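# got a sequence here, can you build the structure:
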Amino acid sequence: MFPNLQAEQARKGMTNTQVAEHLKLSRVAYEQKKRSGRFLVEECKRLCTLFNSEFCYLFARQSEAS
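Next up is the predicted model:
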């Protein structure tokens, strides 16, 4: 899990469905990618743009986020 991704999504008040639509994915596919960390490069770029965040911040793992 990526706690900063989750935090930015909450900060923007976006649901998993809304973020999934932005990525052109199903909600289930987005949730699976959040759990597995298996985002495509283009999806990472879109998320960084959507949340106006740097990759290293947005995709920091649990132990790196503190």
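# make it CA atoms for all contacts and neighbour counts henceforth
Fine.
# the helix or strand where residue 48 lies packs against which elements?
Assigned by DSSP states H and E, residue 48 belongs to helix 41-50. Helix 41-50 is packed against helix 16-23, helix 55-58, with contacts defined by 3 or more CA pairs under 8 Å, 6 or more residues apart in numbering; DSSP states H and E.
# for the record, mean pLDDT for it?
For helix 41-50, the mean pLDDT works out to 98.
# excluding chain neighbours, what is closest to residue 37?
Nearest residue to residue 37 in three dimensions, chain neighbours excluded: residue 1, at 7.0 Å (CA to CA, 6 or more residues apart in numbering).
# any idea how far the one you found is from residue 36?
Distance of residue 1 to residue 36, computed by CA to CA, to the nearest Å: 7 Å.
# more neighbours, those two?
residue 1 (14 against 11; other CA atoms under 10 Å).
# wait, the residue nearest to residue 37 touches residue 34, no?
Yes: between residue 1 and residue 34 there is a contact under CA atoms under 8 Å: 6.0 Å.
# give me phi/psi at residue 25?
With angles defined as degrees, to the nearest 10, residue 25 sits at phi -120, psi 170.
# that one - how many residues pack around it?
With other CA under 10 Å as criterion, residue 25 counts 15.
# do the one 10 residues further on as well
The tally of other residues near residue 35 (other CA under 10 Å) stands at 11.
# that one: what's it in contact with?
Residues counted as contacts of residue 35 (CA atoms under 8 Å, 6 or more residues apart in numbering) are residue 1.
# ok, it to residue 1 distance?
As judged by CA to CA, residue 35 and residue 1 stand 5 Å apart.
# list the contacts of the closest residue to residue 30 other than its chain neighbours.
The shortest distance from residue 30 to any residue other than its chain neighbours is 5.5 Å, reached at residue 20 (CA to CA, 6+ apart). Taking CA under 8 Å, 6+ apart, we find residue 20 in contact with 26-27, 29-30.
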